[in-house]
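In: Sharing a model that was predicted from the sequence below.
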Amino acid sequence: MTSRPASRLRALIMMTLVSALMIPATSLQAQQADPLPDYVIEAYGEPPAVPQGPLSSDLRAAVKAVFEDSIVQSSWARDQDAGLFQIVEAGDPRIAWVISDMMRFTWRQEFDDALADAAAKLLGIEYKTIRRWHEITDHLIAWDIPEYPGYLDTKKVIFTRFLPDVDRLFVEGDIDWRHVSWGGVLIDDRPYDTTDSPCNCIPAADNPEVSTAAEATWLDDDDVVFGITINGESRAYPRQIMEVREMVNDTLGGRDLGIPYCTLCGSAQAYFTDGLPEGVERPILRTSGMLIRSNKVMYDLTTYSVFDTFLGNAVTGPLAENGIQLEQATVVTTDWATWKAAHPDTTVLLERYALGRDPDFRNGRDADGPIFPVGNVDPRLDVHEDIIGVVTASGTPVAFRRSAALVALREGAEITYENVKLELDAGGIRALDKDGTDLGSHEAFWFAWSQFHPDTALWER
């Protein structure tokens, strides 16, 4: 049953829609710098016109009443009704970004309904599913709706009201805060080397204990592992551990590593966290609890600098100011039997790091597509197609469809692209330079690789 305040608000919104549609077209200007690809228009339709410049003082006051005062008061009352009415009447699609942010935290159905109705009017969309927040955010990303001046300030108020421990992360930088959403978990801000300390978060594993392959009787031969070899020393990181931990700070082959695993992107990566400029401490990587286009947002526990998890560069904070770009090592995705056969001296993380769980996110949870908004996806491959990604010497990112590459390599074919050459390694794939140097490749879902490398080349057999 719909509540009276929500019904009244929807009626007011409908009444203002006609007047909003009568705004002369010359008073609104689309801000997309480049025409949207045809596949975006086909999937999402034409974007709404977007005004430029700052919000008026009255509209800014309305945004404050709805998105800042309401969470301080923990209530939804007449002021919020009036404010949302004014927002819809103004017809500025940019405000749908902060509606999307608030909908991740709304505590009353009445409030959520009102926000969803307002966003639909601002964007000119009709919902096709019950996942209204998902649809709103997908449209905003796909259409590249710009933010309004002061957007980050409002977003920070919302996030830190419900997640106060992320306050230090919300600073300007080389990060698109529009695309950052809450992943539903709290930040892991435990001190370093506290692997076994309980937390209401996704707990990273620091300096994990390992066993020999022979001692790892708990692993089945067909269990998926992420294999890393550094300076001749190999280690397996079982997927059922990484799906629980999502982050490991380790030392292998005399090198320090930060190893994030994004279950949503199907991507385990390994970054060297040593060899940095003088005066820069080793970054201790942690999970922030936030996502950017369905990819985990990681940060450094020491400086609270945020990293682009997929690219390995610091995007905010002191490490961004120092221009820190972490070098990537190769991660081979394969099964336990093949890995230990190819690397008999391998070590492997202990079973206890799985915390008694045996999740299978990769093969079940994402069956109907990404569970968090990603916006537009390059249509050349299916969103969840597995690819091997690497960056060439010229700086060109290239993706190799994993299934086709495996078949070709097993048949003895040579796969090259510019300076990159693919080779089989323990049932997985490794990318090498022409001189045999490891190039730091890894597996990922196509949607993730292509959105963080929008100009990627695609090798297909």
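Out: Cool, got the structure. Because the structure is predicted, anything quoted here is derived from the model rather than measured. Numbering: from 1, shown residues only.
In: count of residues packed around Pro198?
Out: Residues near Pro198, counting by other C-beta atoms under 10 Å, number 9. Placement of C-beta: from N, CA and C, glycine included.
In: Quick check: it vs Thr154, distance?
Out: Here Pro198 is placed at a distance of 34 Å from Thr154 (C-beta to C-beta, to the nearest Å).
In: ditto for Ile324
Out: Going from Ile324 to Thr154 by C-beta to C-beta gives 29 Å.
In: One more: Asp335?
Out: Distance, Asp335 to Thr154, by C-beta to C-beta: 47 Å.
In: what are the ranges of the helices in the stretch 101-250 of the chain?
Out: Assigned by DSSP state H, counting those that start in this stretch, the helices in the stretch 101-250 of the chain fall at 109-123, 132-143, 151-162, 239-245.
In: Dump the ones you listed to CSV, plus distance to Glu418 and mean pLDDT.
Out: Conversion of the helices of the stretch 101-250 of the chain to CSV gives the following (distance: least, C-beta to C-beta, whole Å; pLDDT from 0 to 100):
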stretch, distance to Glu418, mean pLDDT
helix 109-123, 41, 94
helix 132-143, 31, 97
helix 151-162, 39, 95
helix 239-245, 31, 95
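In: Using a markdown table, lay out the ones you listed together with distance to Thr330.
Out: Listed next are the helices of the stretch 101-250 of the chain as a markdown table, based on distance: least, C-beta to C-beta, whole Å:
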| stretch | distance to Thr330 |
| --- | --- |
| helix 109-123 | 42 |
| helix 132-143 | 30 |
| helix 151-162 | 35 |
| helix 239-245 | 16 |
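In: Mean neighbour count for those helices - can I get that in JSON lines?
Out: Formatted as JSON lines, the helices of the stretch 101-250 of the chain follow (neighbours: other C-beta atoms under 10 Å):
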{"stretch": "helix 109-123", "mean neighbour count": "21"}
{"stretch": "helix 132-143", "mean neighbour count": "23"}
{"stretch": "helix 151-162", "mean neighbour count": "18"}
{"stretch": "helix 239-245", "mean neighbour count": "23"}
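In: out of those helices, nearest to Leu311?
Out: Closest of the helices of the stretch 101-250 of the chain to Leu311 is helix 132-143, at 17.9 Å (criterion: C-beta to C-beta).
In: any idea of the angle the closest one forms with helix 109-123?
Out: With axes from the mean of the first three to the mean of the last three C-alpha atoms, to 10 degrees defining the directions, helix 132-143 sits at 20 degrees from helix 109-123.
In: ok, residues contacting helix 132-143?
Out: The contact list for helix 132-143, computed with C-beta atoms under 8 Å, 6 or more residues apart in numbering, reads 32, 36, 40, 43-44, 47-48, 96-97, 99-100, 103-104, 112, 116, 119-120, 123, 125, 127-129, 145, 178-179, 181, 293, 372-376.
In: residue contacts, Phe226?
Out: By C-beta under 8 Å, 6+ apart, Phe226 lies in contact with Ala236, Tyr237, Pro238, Arg239, Met242, Ile259, Tyr261, Ala268, Val331, Val332, Thr333.
In: ok, those vs Thr217, which is closest?
Out: Of all the contacts of Phe226, Thr217 sits closest to Pro238, with 12.8 Å by C-beta to C-beta.
In: ok, how many other residues are close to Glu418?
Out: 13.
In: does Glu423 sit in a helix or strand, and which one?
Out: Glu423 belongs to strand 420-425 when elements are defined using DSSP states H and E.
In: thought Gly183 was touching Ile292?
Out: No - counting by C-beta atoms under 8 Å, Gly183 does not reach Ile292; the two are 9.8 Å apart.
In: if I look at Trp107, how far off is Arg161?
Out: Distance from Trp107 to Arg161, by C-beta to C-beta: 11 Å.
In: And His139, by the same measure?
Out: Counting by C-beta to C-beta, the separation of His139 from Arg161 is 25 Å.
In: low-confidence ranges in the stretch 51-200 of the chain?
Out: The stretch 51-200 of the chain contains residues with pLDDT under 70 at 72-77.
In: where do the strands sit along it?
Out: 180-182 (DSSP state E, counting those that start in this stretch).
In: Which members of the contacts of helix 132-143 are classed as buried?
Out: Neighbour-count burial (16 or more other C-beta atoms under 10 Å) is assigned, among the contacts of helix 132-143, to 36, 40, 44, 47-48, 96-97, 99-100, 103, 112, 116, 119-120, 123, 125, 145, 178-179, 181, 293, 372-376.
In: what sits against Arg410?
Out: Contacts for Arg410 were tallied using C-beta under 8 Å, 6+ apart; they are Leu424.
In: so how far is Thr195 from it?
Out: Applying C-beta to C-beta, the value for Arg410 to Thr195 is 38 Å.
In: So what pairs up with the most centrally placed residue in the chain in the strands?
Out: The chain has Asn295 as the residue nearest its centroid, 1.7 Å off, counting by C-alpha atoms, centre = their mean. Beta bridges link Asn295 to Ile292 when assigned by DSSP bridges.
In: still on that earlier bit, can you tell me which of the helices of the stretch 101-250 of the chain is nearest to Thr212?
Out: Among those, the nearest to Thr212 by C-beta to C-beta is helix 239-245 (16.5 Å).
In: now what about that closest one, what contacts it?
Out: The contact list for helix 239-245, computed with C-beta under 8 Å, 6+ apart, reads 202-205, 223-226, 248, 259, 261, 263, 268, 349, 353-355, 357-359, 361-362.
In: Centre of the chain to it, how far?
Out: The chain centre lies 17 Å from the centre of helix 239-245; the measure is C-alpha atoms, centre = their mean, to the nearest Å.
In: swap in stretch 270-277?
Out: On C-alpha atoms, centre = their mean, the centre of stretch 270-277 falls 22 Å from the chain's centre.
In: May I see the buried residues of it?
Out: For stretch 270-277, the neighbour count (16+ other C-beta under 10 Å) marks Ala270, Tyr271, Phe272, Thr273, Leu276 as buried.
In: ok, Gly266 to Asn295 distance?
Out: When Gly266 is compared with Asn295 (using C-beta to C-beta), they lie 11 Å apart.
In: any residues in contact with both of the two?
Out: Ala448.
In: so who does Glu460 touch?
Out: Taking C-beta under 8 Å, 6+ apart, we find Glu460 in contact with Arg401, Ala404.
In: shouldn't Gly312 be in contact with Ala270?
Out: No - counting by C-beta under 8 Å, Gly312 stays clear of Ala270, with 9.8 Å between them.
In: State whether Asp455 is indeed within a strand.
Out: No - looking at Asp455 with DSSP: H, G, I helix; E, B strand; the rest coil, it is coil, so not inside a strand.
In: In contact with Asp382: list those residues for me.
Out: By C-beta under 8 Å, 6+ apart, the contact set of Asp382 is Trp446.
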